[in-house]
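1. below is the sequence, then the predicted model.
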Amino acid sequence: MERQNINDLMVFLVVARERSFTKAAAKFGVSQSALSHTLRQLEQRLGVRLLTRTTRSVSPTEAGERMLQSIGPLFDEIGSALDGLNILRDQPAGTVRLTAGDYQIQCYIWPKLRTFLQQYPDIRLELDVNYGLQDIVSEGYDAGVRFGEQIAKDMISVRIGPDVRFAVVAAESYFTSRDIPKHPKDLMQHRCINLRLPTYGGLYAWEFEENGREIKVRVDGQLVFNTIYNVLEAALDGFGFAYVPEDIAKLHLGTGRLHRFLEDFSPYWEGFHLYYPSRRQSSPAFSLLVNALRYST
């Protein structure tokens with residue numbers, strides 16, 4: 001295969017995965033028009049259209065999706081093999097791509113990797129903030145972060161934090177003139193701040209536990225966000241009850257800006273885990289990063 005074809009296939013792979021010429025151009029450090037020209041030439045040589053382009057989006061055609069699924073893993077394996085050569089270097093090097101929610105990044109990943117990256121300056125890290133349950137293999141990530149119970153059995157998982165508990169919180173300005181909820185279902189009579197999750201497309205149902213039985217409550221309110229930190233900010237501003245991770249609410253509970261409710265109904269969940277394919281050939285950089293994130297009691 002000619003070198004030009006390999007380079008053009010790499011361009012196709014990045015554009016198809018990013019679903020964006022803008023993001024792909026930023027990764028390659030070239031113009032969008034240059035990438036578009038490259039892909040048009042590739043499509044002409046192959047004789048099939050690989051991408052459907054509109055003014056607002058780009059997505060693989062059936063032929064493009066088939067090629068993405070066939071060559072994507074091969075290029076990933078080549079990348080892993082090249083990263084593996086870094087073991088011969090004095091210093092570990094290479095790029096590691098992780099996908100996780102902003103809460104997991106801020107509370108569990110960044111506090112540990114801040115020092116790690118200073119220790120290994122040749123290791124590059126890309127963090128993708130995403131609330132969806134990403135297919136890390138097809139999307140080209142080295143690893144993702146989920147609750148332990150959400151990880152598929154064919155993945156390797158490494159625990160990166162303690163058990164997690166959520167808290168129902170509200171500012172005094174909201175609840176002083178209203179009845180205090182005594183049971184999770186009482187929240188249905190209140191204004192609550194919702195979180196929309198991209199994977200299921202719906203609003204997150206707040207999860208509680210009573211006598212070992214799971215209770216899910218669908219709440220309503222004036223606001224819906226797609227990030228948990230916006231939900232917390234709206235609660236601080238008095239827009240209603242919020243259901244947020246306990247540790248990001250603690251600071252405000254301590255200062256009295258927020259108050260906690262229904263604590264006896266809040267269950268503990270198994271902590272967050274880093275997960276990655278079992279067949280992946282780990283580079284020295286990735287192995288060091290996994291060990292840096294590993295949770296120990």
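-> Nice, I can see it.

2. quick check: the gap between the residue of the chain most remote from its centre and residue 253.
-> When distances to the mean C-alpha position of the chain are computed (Cα atoms, centre = their mean), the maximum falls on residue 177, with 38.2 Å. Residue 177 sits 21 Å away from residue 253, going by Cβ to Cβ, to the nearest Å. In this view, the C-beta of every residue, glycine as well, is placed from N, C-alpha and C.

3. quick one on the thing from earlier: helix/strand/coil for the residue farthest from the centre of the chain?
-> Three-state call for residue 177 (DSSP: H, G, I helix; E, B strand; the rest coil): coil.

4. can you pull the buried residues of stretch 94-110?
-> The neighbour-count check on stretch 94-110 (16 or more other Cβ atoms under 10 Å) flags 94, 96-105, 107-109 as buried.

5. from the residues you listed, which ones fall inside strands?
-> Using DSSP state E, 94, 96-100 are the members of these that sit in strands.

6. tell me the phi and psi of the residue lying closest to residue 71 once chain neighbours are set aside?
-> What sits nearest to residue 71 in space, not counting adjacent residues and going by Cβ to Cβ, 6 or more residues apart in numbering, is residue 9, at 6.0 Å. Phi and psi for residue 9, reported as degrees, to the nearest 10, are phi -70, psi -40.

7. tell me, how many neighbours does residue 9 end up with?
-> Neighbourhood size, residue 9 [other Cβ atoms under 10 Å]: 19.

8. thinking it is in contact with residue 74, fair?
-> No: here residue 9 lies out of contact with residue 74, judged by Cβ atoms under 8 Å, at a distance of 9.5 Å.

9. now do the helices in the stretch 1-150 of the chain.
-> According to DSSP state H, counting those that start in this stretch, the stretch 1-150 of the chain carries its helices in the segments 3-18, 21-28, 32-46, 62-84, 102-104, 110-119, 136-139.

10. wait, which of those is closest to residue 296?
-> helix 110-119 (11.3 Å; Cβ to Cβ).

11. how far does the lowest-mean-pLDDT helix or strand in the chain sit from the chain's center?
-> None of the helices or strands of the chain scores lower by mean pLDDT, DSSP states H and E than helix 136-139, at a mean of 77. Relative to its parent chain, helix 136-139 has a centroid offset of 12 Å by Cα atoms, centre = their mean, to the nearest Å.

12. so which elements touch it?
-> Using 3 or more Cβ pairs under 8 Å, 6 or more residues apart in numbering; DSSP states H and E, the elements in contact with helix 136-139 are helix 62-84, strand 272-277.
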